[in-house]
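**Q** Below is the structure, and that's it, no one-letter string:
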């Protein structure tokens, strides 16, 4: 390109006569996808996943789990106000959010492993976008009819019937979306209480805003966005190919057998015989059922969510025309090539890539399990006063102040004995408490709460080891002797030797 | 305008015509709705112009539908906070400070409030956390010029120290013995030695002995016969380890020669009763409260 062109790039979408001479415009209007109804093995799997996942979403908040009188009895609950997350027998405090991190790592590696084994089954079966879109399409088909009817309806003029059908579809969608948004807040509040509050207008603004925004996003993404979400918004399709190899099971088209494609009448053959042209009768059944509107015969593509509905559609046609099934099949690229060469296929589940993912998965899961099983029910944090580091008292002693926080993660009121070792205090005070005979203090902490105490310790300067004397606080459960220590220092003047 | 739709040799796809150092951008069409969203955000911004203060005019500015400003928002926030605090404030007003500390809820409220009030009003002199500065006493130690009980602290906060505008103010005046010619240099030197002797730091025994007489005649009236100070008069204890201005020979000589006259404002003239109660509770809790 000449320099002058570089410096003065010319807008080149509009031709001299004002017409666009591009093959493809800079912006593309959406080609609406009208997926056709299909039945078969993969469709049944997808129905099963849909029912199971939606049931989990809507039922789980109603499950109860008895934790005693001091904690909520909802099996799965995230209490934002108090900062507690409950999952059946697990309870997590905000400072244990690393469990959530671990869970996310598990989810990510699990996704990698599943993808390297079975391709994008998450996209095809598990992703909320897929599940809700599927549900919305089901509603749409019930009201407006199957593919051809919907195409006709969209092209037809606005009649009462069209208004009714389109209106009813959108109403049903909004209804589902509201139920979706409504169920989300159940995970963050006591479900039976908040549902009554929502309907009586007593719920908090946060609840209504959450329901409204999730209703809106569900309606928008599952009703209007659909495959556009996967193609344009989701980052996963862009890098999922990094997890795939030649042995990953994906939705493939056996082009060696299908091509040259052509209508059945031209194949001019006896049933069961291998035609001179390929098995693909070019019926477009696979394209018509595709929820993302692609042609699987173009090979593996970013838009394919790996749901396998095209396999069902193709098998139905193959059965009808009497060709062998699985022209489109759930198999690896390697096997397709092996079959093309007439060799025996083999599917290796265990291979370096899957071993690698499985090992990481096991490692992370083990670490998390270890953490969970050894989760302490008692924690101690000590904050030493830094302003000032120490206070000089009138009798020459040095005093340090500490704020100690005792985390009681059990559902019972606890009494802990507070003692210090490694230092000889001339006086130890806990604000608001009287010392015991042996100089220890009894700290009462409410169930599932943090107890905060102010502690003052005085010591004679000549008993100190320089300007920072290490020592430790210890709290011991009065009942079961469970104890924990915290290392800290006692600050004094530099000359105090 | 000439058009120049170029095809990429490798992919066979059209380029957008944009090129950077030989790197050409292939035309991968955006969905149209993406562009519509862009337009919607622009329309949305027009809504902002209408609702919120926006364009300047020759003399003023467009105020927006609801006349929202940060200042009115601040007032609203503050009013909300005041409304939330009101029940506590009422109880604070009704109770005596000694009763406040026995009510755990009010104690917590006062501690939190007192901390903020202290940072705003007291920290410049007494330091954050009340650690004190030379000339400004530490509020964390166990030495109090005017008393460290809740009532004494409350009173000091109300009337201030040597605050002329308040007639009940805490007041004492140590004479400037040297500057006003009340004592000779030698006498001052002797009495400083004597005072250092209280904490076994006298360097000249003879001088300290001579200083005992000077002390009895000039200082004991306020600081007491044994030098332990008299709290009612605000006279500090000279025998302990705490020195407001410093306990070394030079500083003590300076103090006796020129006197000291630290001042604290009478906060009763500036802050309301409830605020001072919160402050009292906080200061009392810092470690020295009696």
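**A** Nice, I can see it. What you are looking at is a predicted structure, and each value in this text was computed from that prediction instead of being measured.
**Q** Can you name the residues of chain B that neighbour chain A?
**A** Counting by C-beta under 8 Å from any C-beta of the partner chain, chain B comes close to chain A at B:1-6, B:13-14, B:16-19, B:27, B:29-35, B:127-129, B:131-132, B:138, B:140-143, B:237, B:240-242, B:285, B:287. Backbone N, C-alpha and C define where each C-beta goes, glycine included.
**Q** mind running it again at 6 Å?
**A** B:3-5, B:14, B:17, B:27, B:29-32, B:35, B:128-129, B:131, B:140-143, B:240-242, B:287 (C-beta under 6 Å from any C-beta of the partner chain).
**Q** packing partners for the top helix by length along chain A?
**A** With secondary structure taken from DSSP state H, chain A has its longest helix at helix A:160-186. The criterion is 3 or more C-beta pairs under 6 Å, 6 or more residues apart in numbering or on different chains; DSSP states H and E, and the helices and strands that helix A:160-186 contacts are helix A:128-144, helix A:205-218.
**Q** can those go into JSON lines with extra columns for distance to chain B?
**A** Supplementary listing: these in JSON lines, determined by distance: least, C-beta to the nearest C-beta, whole Å:
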{"stretch": "helix A:128-144", "distance to chain B": "16"}
{"stretch": "helix A:205-218", "distance to chain B": "14"}
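**Q** Comparing these, which comes out most buried?
**A** Highest mean neighbour count among those (mean count of other C-beta atoms under 10 Å in any protein chain shown): helix A:128-144, with a mean of 19.
**Q** Would you mark the buried spots in the following helix or strand past that helix?
**A** Later in the chain than helix A:128-144, the nearest helix or strand by DSSP states H and E is helix A:147-155. By neighbour count with 16 or more other C-beta atoms under 10 Å in any protein chain shown, helix A:147-155 contains the buried residues A:147, A:150, A:153.
**Q** which parts of the stretch 301-450 of chain A sit against chain B?
**A** A:387, A:388, A:391, A:392, A:393, A:394, A:396, A:401.
**Q** quick one, phi/psi of the fifth one?
**A** Pointing back at residue A:393 there. phi -90, psi 170 (degrees, to the nearest 10).
**Q** can I get the buried residues of helix A:147-155 in CSV with pLDDT and distance to residue B:91?
**A** Shown next, in CSV, are these (pLDDT from 0 to 100; distance: C-beta to C-beta, whole Å):
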residue, pLDDT, distance to residue B:91
A:147, 95, 71
A:150, 95, 68
A:153, 95, 68
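**Q** can you redo those residues as TSV with distance to chain B?
**A** Formatted as TSV, these follow (distance: C-beta to the nearest C-beta, whole Å):
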residue	distance to chain B
A:147	22
A:150	20
A:153	22
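**Q** Quick check: pLDDT value at residue 88.
**A** Picking chain A for this. Looking at residue A:88, its pLDDT is 92.
**Q** wrong chain, I was asking about chain B
**A** 94.
**Q** excluding its backbone neighbours, what's nearest it?
**A** Ranked by C-beta to C-beta, 6 or more residues apart in numbering or on different chains and with sequence neighbours excluded, the top spatial neighbour of residue B:88 is residue B:109, at 4.8 Å.
**Q** measure the one you found to chain A for me?
**A** To chain A, residue B:109 is 15 Å away according to C-beta to the nearest C-beta, to the nearest Å.
**Q** and whichever strand or helix holds that residue, which residues are buried?
**A** Under the criterion of DSSP H and E, residue B:109 resides in helix B:104-121. Neighbour-count burial for helix B:104-121 flags B:106, B:107, B:109, B:110, B:113, B:114, B:115, B:117, B:118, B:121 (criterion: 16+ other C-beta under 10 Å).
**Q** What's the PyMOL syntax to select whichever of the residues of the stretch 301-450 of chain A next to chain B are buried?
**A** Here is the PyMOL command that selects only those of those that count as buried (16+ other C-beta under 10 Å):
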select buried, chain A and resi 388+391+392+393+401
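**Q** which pair in the residues of the stretch 301-450 of chain A next to chain B spans the largest distance?
**A** Within these, two members stand farthest from each other by C-beta to C-beta: A:387 and A:396, at 21.7 Å.
**Q** now the buried residues of helix A:147-155 in TSV, with distance to residue A:121?
**A** Shown next, in TSV, are the buried residues of helix A:147-155 (distance: C-beta to C-beta, whole Å):
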residue	distance to residue A:121
A:147	25
A:150	27
A:153	33
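**Q** which sections of chain A are below the confidence cut-off?
**A** A:1-21, A:265-276, A:495-497 (pLDDT under 70).
**Q** Domains in it, by residue range?
**A** A:33-375, A:378-491 (automatic domain parsing).
**Q** and the closest residue to residue A:290 other than its chain neighbours, what are its phi and psi?
**A** The shortest distance from residue A:290 to any non-neighbouring residue, by C-beta to C-beta, 6+ apart, is to residue A:310 (5.8 Å). Torsion angles at residue A:310 (phi, psi; degrees, to the nearest 10) stand at phi -70, psi -30.
**Q** can you tell me how far residue A:310 sits from residue A:261?
**A** Going from residue A:310 to residue A:261 by C-beta to C-beta, to the nearest Å gives 14 Å.
**Q** So for the two, which sits in the more crowded spot?
**A** More crowded of residue A:310 and residue A:261, by other C-beta atoms under 10 Å in any protein chain shown: residue A:310, with 27 against 14.
**Q** Tell me where the stretch 51-200 of chain B has helices.
**A** B:70-94, B:97-100, B:104-121, B:123-126, B:150-159, B:185-197 (DSSP state H, counting those that start in this stretch).
**Q** what do you get for the stretch 201-350 of chain A?
**A** A:205-218, A:227-228, A:236-239, A:255-258, A:264-267, A:285-289, A:309-321, A:333-340.
**Q** So which of these is nearest residue B:209?
**A** Proximity of the helices of the stretch 201-350 of chain A to residue B:209 was assessed by C-beta to C-beta; the nearest stretch is helix A:205-218, lying at 77.9 Å.
**Q** Just the pLDDT for residue B:45.
**A** So residue B:45 comes in at 93 (pLDDT).
**Q** ok but it is inside a strand, no?
**A** No: applying DSSP: H, G, I helix; E, B strand; the rest coil, one finds residue B:45 to be helix, outside a strand.
**Q** I'd like the distance between residue A:80 and chain B.
**A** From residue A:80 to chain B the distance is 19 Å (C-beta to the nearest C-beta).
**Q** meant to ask about residue A:166
**A** Distance from residue A:166 to chain B, by C-beta to the nearest C-beta: 19 Å.
**Q** hmm, back to that, for the residue nearest to residue A:290, what are its contacts?
**A** The contact partners of residue A:310, by C-beta atoms under 6 Å, 6 or more residues apart in numbering or on different chains, come to A:286, A:290, A:296, A:328.
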